[in-house]
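1. build me a model from this:
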Amino acid sequence: MSVHNISQILSRNISLLKSTNPLFINLAADAFITEFITSYPTASLTCFNTNFQQFEQHQKNNQYQSYFDSVYTKSDKQKEPHDLVVIQYPKAKAELSFTLAMLEASITVNTAIIIVGEKNSGINSSKKALDNFLMHYQKQDSARHCMIFSGSYKEQPLFNVDEWFSFYDVNVANNVIKVAALPGVFSQKKLDVGTKVLLENLPEISPKALLDFGCGAGVIACVIGALYKNCKLTLVDVSALALASATKTLKLNNLAGNITASDSLSHIKGSFDTVITNPPFHQGLKTNYQATESFLAGISKQITANG
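-> Below is the predicted model:
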């Protein structure tokens, strides 16, 4: 099993991770997890991921609890607050603030916070952005093109996910679509150029069953739903943050749709006469075509005749 650079720097600093009830957020399910369990066999480990592919990898290991969602909520099994949280530094700084804010009911001011990320992620300049959330924030190590920081949690106000959505309007063919997006979701604050061009150049279609692959905040599906009232919408993404945003966007526009988490086509069921996408070309900070290549290779099996 390959080990990510982030996991390697965590291995170098495993003494920092001594805990009884740790929470790992958006870490890969690689050999480091096994190393941690071996080093701290009495720790009650929980892994939380907003990426469905990573979550499915964690689920293969029954030695700890794993969860997939847009917001982490401590389970009834976890009676005590987490005494350690390890977070992989996300692509969007606002997502890290969102993550720390949502933990307020699951941790205390005595909880140790470890932030780990690649140097080119912006982690080195993260201190100012985290002043409202962490105390005693300092660098612990730098290796394998990564950095690791530690701090302690500041008391936070009650978390309300609705306060973290960004809203904007999209106008296509005289239809105004209201968009809601959480931090970390593609085009969170405004419509991206690629999707704008796509929507302005839609072909003549009369879809009955539409798949929006890599739906993000649900903009494309909602535009189609507004233009073609009887179309059955299916929205698919690997990100729980995107799926929560798409759900909100559908509701804002009085539309209904099937929202599905999937690693490329892994959990897509049924057939469609129309498939539309502004395809995902990144995984985290890195360009990654795997999901799109798998989609293009396999989608023909789920397109109806003349679709």
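2. my read: H58 touches A29, true?
-> Yes - the pair H58 / A29 is scored as a contact, 4.4 Å apart, by Cβ atoms under 8 Å. (Glycine included, C-beta is placed from N, CA and C.)
3. quickly list what's touching both of the two.
-> Common contacts of H58 and A29, defined by Cβ atoms under 8 Å, 6 or more residues apart in numbering, comprise C47.
4. V176 belongs to a strand?
-> Yes - residue state for V176 (DSSP: H, G, I helix; E, B strand; the rest coil) corresponds to a strand.
5. what is the rounded mean pLDDT of the one helix or strand Q57 maps to?
-> For Q57, the host element (DSSP states H and E) is helix 52-59. The pLDDT scores in helix 52-59 average 96.
6. how about stretch 275-290?
-> Rounded mean pLDDT across stretch 275-290 is 70.
7. go on, stretch 97-106?
-> Stretch 97-106 comes out with an average pLDDT of 96.
8. now swap in stretch 141-160 and tell me
-> 95.
9. what's the answer for stretch 220-238, then?
-> So the average pLDDT for stretch 220-238 ends up being 95.
10. from the chain's centroid, how far away is that stretch?
-> Centroid separation between stretch 220-238 and its chain, computed with Cα atoms, centre = their mean, to the nearest Å, is 21 Å.
11. could you work out the end-to-end span of it for me?
-> 16 Å (Cα to Cα, to the nearest Å).
12. same thing with stretch 205-213?
-> Rule used - Cα to Cα; the end-to-end distance of stretch 205-213 is 17 Å.
13. what's the answer for stretch 73-84, then?
-> 15 Å.
14. pairing partners for the helix or strand hosting L211, with directions?
-> Here L211, judged by DSSP H and E, is contained in strand 209-213. Partner strands for strand 209-213, per DSSP bridges, with pairing direction: strand 232-237 (parallel), strand 274-276 (parallel).
15. that older thread, just the CA atoms of the next helix or strand after the helix holding Q57, as PDB, please.
-> Using DSSP H and E, the helix or strand that follows helix 52-59 towards the C-terminus is strand 65-68. The C-alpha atoms that make up strand 65-68 are tabulated as PDB, following Å, rounded to 0.1, in the frame of the first residue of the first chain:
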ATOM      1  CA  GLN A  65     -15.200   4.100  12.800                       C
ATOM      2  CA  SER A  66     -15.400   5.900   9.500                       C
ATOM      3  CA  TYR A  67     -17.900   8.500   8.300                       C
ATOM      4  CA  PHE A  68     -18.800  10.400   5.100                       C
END
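16. mean neighbour count, the strands paired with strand 209-213: which tops it?
-> strand 232-237 (a mean of 24; mean count of other Cβ atoms under 10 Å).
17. ok so, going back, of all the strands paired with strand 209-213, which lies closest to T195?
-> Ranking the strands paired with strand 209-213 by proximity to T195 (Cβ to Cβ) places strand 274-276 first, at 10.3 Å.
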